[in-house]
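*Asks:* My questions concern the predicted model and sequence given below.
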Amino acid sequence: MNTAAAFADTVPAHWNAHDDAPVAGWWVSASNVLVRWLDASRSRQTLHELDEHLLRDIGITRDQARREASKFFWQI
């Protein structure tokens, strides 16, 4: 998998070096991406820690949970 491409998919399309948008708008967009990354990372860690009974309840296997938990934080 091309991790640069996966990273690029999480960056908002409206980010442009030549954009004349106010800095505050850029900061809000950047912080939103960071919050999404943090949320994904925490969710994957929680998923990794679930026991077999809970994994069955949500309908995934241990292998599926491991694959999801091993993704990089920017892979949303």
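*Replies:* Everything's here; your move.

*Asks:* Look at the closest residue to R66 other than its chain neighbours and say how many residues are nearby.
*Replies:* Nearest-residue entry for R66: H48, 7.1 Å, with adjacent residues in sequence omitted and distances by CB to CB, 6 or more residues apart in numbering. Bear in mind the C-beta positions are built from the backbone N, C-alpha and C, glycine included. When neighbours are counted by other CB atoms under 10 Å, H48 registers 13.

*Asks:* what residue ranges in this structure are flagged as low confidence?
*Replies:* 1-23 (pLDDT under 70).

*Asks:* By residue count, tell me the biggest helix in this protein.
*Replies:* When the chain is parsed with DSSP state H, its longest helix is helix 23-49.

*Asks:* Show me which positions of the helix or strand that comes right after it end up buried.
*Replies:* Later in the chain than helix 23-49, the nearest helix or strand by DSSP states H and E is helix 52-58. Judged by neighbour count (16 or more other CB atoms under 10 Å), helix 52-58 contains these buried residues: L55.

*Asks:* now do stretch 32-42
*Replies:* V33, W37, A40.

*Asks:* Quickly note the distance from the residue nearest to R66 to V33.
*Replies:* Distance, H48 to V33, by CB to CB, to the nearest Å: 23 Å.

*Asks:* what's the answer for S70, then?
*Replies:* 21 Å.

*Asks:* and what of L54?
*Replies:* Taking CB to CB, one finds L54 at 29 Å from V33.

*Asks:* can you check A69 too?
*Replies:* Counting by CB to CB - A69 and V33 are separated by 21 Å.

*Asks:* same thing with D57?
*Replies:* 31 Å.

*Asks:* same check, this time on K71
*Replies:* Following CB to CB, the distance that separates K71 from V33 is 16 Å.

*Asks:* With A40 instead?
*Replies:* 11 Å.

*Asks:* what do you get for E68?
*Replies:* For E68, the distance to V33 - CB to CB - is 20 Å.
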